[in-house]
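Any chance you can model this:
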Amino acid sequence: MHLIAQGLKKKLNIPWMADFRDPWTNIDFYSKLLLTPFADHKHKRLELAVLNDADIVTCVGQTWLDELSKFILKELIRTI
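Predicted coordinates for the structure are as follows:
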């Protein structure tokens, strides 16, 4: 869903709020997905792009906020 929203933001030049309810590459079972190094790198690159292309990023709590803050390049991040 984030990638669809990212595409719409770019195509329509509209603001976008990315709502992170669950981790993407930091989810507990991610290492069990047995991704190739290429796929792992692609997931991490896409996650970083989503975090930095969104106008606002929301998440569900302080722990997740702290985790996302390690990756986001801008300062605008909020919890809901």
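
Would you confirm that residue 41 belongs to a strand?
No - the assignment for residue 41 by DSSP: H, G, I helix; E, B strand; the rest coil gives helix, which leaves it out of any strand.

what's the distance between it and residue 47?
Counting by CB to CB, to the nearest Å, the separation of residue 41 from residue 47 is 11 Å. From N, CA and C alone the C-beta is placed, and that goes for glycine too.

In terms of neighbours, single out the busier of these two.
Under the criterion of other CB atoms under 10 Å, the comparison of residue 41 against residue 47 puts residue 47 first, with 18 against 11.

How about the contacts made by the more buried one?
Residue 47 makes contacts with 24, 25, 71, as judged by CB atoms under 8 Å, 6 or more residues apart in numbering.

Columns distance to residue 8 on top of those, output as JSON lines?
As requested, these are exported to JSON lines (distance: CB to CB, whole Å):
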{"residue": "24", "distance to residue 8": "19"}
{"residue": "25", "distance to residue 8": "23"}
{"residue": "71", "distance to residue 8": "22"}
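
how many neighbours does the closest residue to residue 35 other than its chain neighbours have?
Among residues not flanking residue 35 along the chain, residue 43 sits closest, at 7.0 Å (CB to CB, 6 or more residues apart in numbering). As a burial measure, residue 43 scores 15 neighbours (other CB under 10 Å).

Equivalent analysis for residue 30, please.
With neighbours defined by other CB under 10 Å, the count for residue 30 comes to 14.

pLDDT score for it?
Looking at residue 30, its pLDDT is 92.

I'd like to check which residues are in contact with it.
If you count contacts by CB under 8 Å, 6+ apart, residue 30 has them with residue 23.

same question, residue 72
For residue 72, counting by CB under 8 Å, 6+ apart, the contacting residues are 51, 52, 57.

Could you check how far the second one is from residue 63?
If you measure residue 52 against residue 63 using CB to CB, the figure is 21 Å.

Of those two, give the one with the bigger neighbour count.
The neighbour count for residue 52 versus residue 63, taken as other CB under 10 Å, is higher for residue 52 (13 against 10).
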